[in-house]
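J.: Coordinates for the following, if possible.
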Amino acid sequence: MPASAPTYVVGRREQLADIAHALQTAPLLTLVGVGGVGKTRLAARTATAARGRYAHGAWLVELARITDPAGVTPEVARALGVRERPGSSPLETLRAVLRHRQLLLVLDNCEHVVTVCAELAASLLQACPDLCILATSREALGVAGETVYHVPPFPMASTQEATADLVENDAIDLFVERARTLEPAFELTPQTSSSITRICALLDGLPLAIELAAARPTAMSPPEIARRLDNPLSVLTMGPRSAPARQQTLRAAIDWSYQLLAEPEQTLLRRLAVFRGGFTRGAATSVCTDVELPGGQIDDLLDRLVAQSLLVGVKQPEHTRFHRRPRRLHGGTLFLLNGLIWLAAAFWLQSVVTDPLRLLLLFMSAGASLSAALLANDSPGLAVAGAARRRPHRTRG
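T.: Residues are numbered from 1 along each chain as shown. Got it, this is the predicted structure:
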């Protein structure tokens, strides 16, 4: 492991113990979770703690900068110090060298080259009996024998819990530690604890988002940060310059995940933004279906978004309820979304209603209904779907 590996982890005792236990029996263990949840730190910390069990140590391969899938295997060889042999491909050389080594190989950030990583892992594990692979990715590699560990955000504390015990919540501890790196005099007090608890809750306990918020106390107080988080993309912009570009702002982290989606997945994810809370498969199908996105595709696309850690499905007695991951970080976009829906409604109504007064009345009615519906869970989407079914007849004069 390189000295620069991010091995310092705040809290996460339960997760670290679970991962260490799984690593003892799994030839391939993949840490899966939404971007910014802390997969890299957990993997680096686990590998550092476990390297003594492997005769040839633990090796970290950072794949985030690899843009061409063909560069994955050569990058692994380079990180391991394996030189290509004449007449052999990089994969053949790796298999020949690692066949006689006992080591832990950490493949970090596999999501944008997941197919090649899966093929590489399967090939190496088949040829190298003493090899163990620990991978991090937004989605599982899908290799036989793979164990998948879903990395959760930090659990949330209530304001009462945070005030009663100021140091027993990992999310709050992370905020305070990061704030102190920029402002050593920063203290968690009963006066600031409720605001910091609210900040962590608004950010869904996502470590990257909390760290970005904690970079603000030099210019803003915790209560000011909490008030500004109605639009988190404008606030969470001060990551360290030494961090990867996708971790320097929240917008960059979201863009990284979004750009990895196929076009139909992007389309569905955008349309799902109409739901302020959770939604069911039926609600998603009613709201998001059109010629571009047929209803028969919705179930598969929802499952793909779950597999890629952008949605989480909560099974209930009669159905599964989905939520965005993270849930609240899109709060500021609801105003933009509302405006876009109003604009779309205007064009739509104008195309079927020619009487100006009737057009105005219908538009005001639809806008009022939609604005009220945005306060509910499924209802905004269902209101839109209902409006579509009640398309007014073309009238004249």
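J.: any idea how far Arg251 is from Phe322?
T.: Relative to Phe322, Arg251 is positioned 23 Å away (Cβ to Cβ, to the nearest Å). Any C-beta I mention is one placed from the backbone N, CA and C, and that applies to glycine too.
J.: neighbour count winner among these two?
T.: Under the neighbour definition other Cβ atoms under 10 Å, Arg251 and Phe322 were set side by side, and Phe322 has more, 21 against 14.
J.: where's the more buried one relative to Cys288, distance?
T.: Phe322 sits 12 Å away from Cys288, going by Cβ to Cβ.
J.: Find residues that contact each of those two.
T.: Leu272 (Cβ atoms under 8 Å, 6 or more residues apart in numbering).
J.: List the contacts of the helix or strand where Leu31 lies.
T.: Using DSSP states H and E, Leu31 sits within strand 28-32. Contacts to strand 28-32, defined as Cβ under 8 Å, 6+ apart, come from residues 19, 22-23, 39, 42-43, 110, 121, 125, 132-141, 143, 145-151, 309.
J.: who's in contact with Val113?
T.: 63, 66, 69, 72.
J.: Neighbour-wise, give me the winner out of those residues.
T.: Ranked by the number of neighbours (other Cβ under 10 Å), those place Leu63 first, at 24 neighbours.
J.: Name the nearest residue to it, sequence neighbours excluded.
T.: Distances taken as Cβ to Cβ, 6 or more residues apart in numbering put Asn109 closest to Leu63, at 4.9 Å, once the chain neighbours are dropped.
J.: what do you get for Val151?
T.: Nearest-residue entry for Val151: Gly33, 3.6 Å, with adjacent residues in sequence omitted and distances by Cβ to Cβ, 6+ apart.
J.: ok so, going back, report the next helix or strand after the strand holding Leu31 in sequence order.
T.: helix 39-50.
J.: Strand 28-32 and that following helix, what's the angle between them?
T.: 140 degrees (axes from the mean of the first three to the mean of the last three Cα atoms, to 10 degrees).
J.: switch to numbering from 13
T.: Got it, the first residue is 13 from now on, which makes the last one we talked about helix 51-62.
J.: Contacts made by whatever helix or strand comes next after helix 51-62 with the rest, please.
T.: Downstream of helix 51-62, the first helix or strand assigned by DSSP H and E is strand 70-74. Here strand 70-74 makes contact (Cβ under 8 Å, 6+ apart) with 13-14, 17, 56, 59-60, 62-63, 87-88, 91-92, 115-121.
J.: can you pull the buried residues of the helix or strand where Ala108 lies?
T.: Using DSSP H and E, the element containing Ala108 is helix 102-110. Applying a neighbour-count criterion of 16 or more other Cβ atoms under 10 Å, one finds 102-103, 105-107, 109-110 buried in helix 102-110.
J.: Tell me what angle the helix or strand following that helix forms with helix 102-110.
T.: Following helix 102-110 in sequence order, the next helix or strand is strand 115-120 (DSSP H and E). Computed with the same axes, to 10 degrees, the direction of strand 115-120 lies at 150 degrees from that of helix 102-110.
J.: Just the CA trace of strand 115-120, in PDB.
T.: Output of strand 115-120 as PDB, limited to C-alpha atoms (Å, rounded to 0.1, in the frame of the first residue of the first chain):
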ATOM      1  CA  LEU A 115      -1.300 -11.100  -1.900                       C
ATOM      2  CA  LEU A 116      -4.300  -8.800  -1.500                       C
ATOM      3  CA  LEU A 117      -5.100  -6.800  -4.600                       C
ATOM      4  CA  VAL A 118      -7.200  -3.600  -4.200                       C
ATOM      5  CA  LEU A 119      -9.000  -2.400  -7.300                       C
ATOM      6  CA  ASP A 120     -10.300   1.000  -6.500                       C
END
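J.: Thanks again, I'm all set now.
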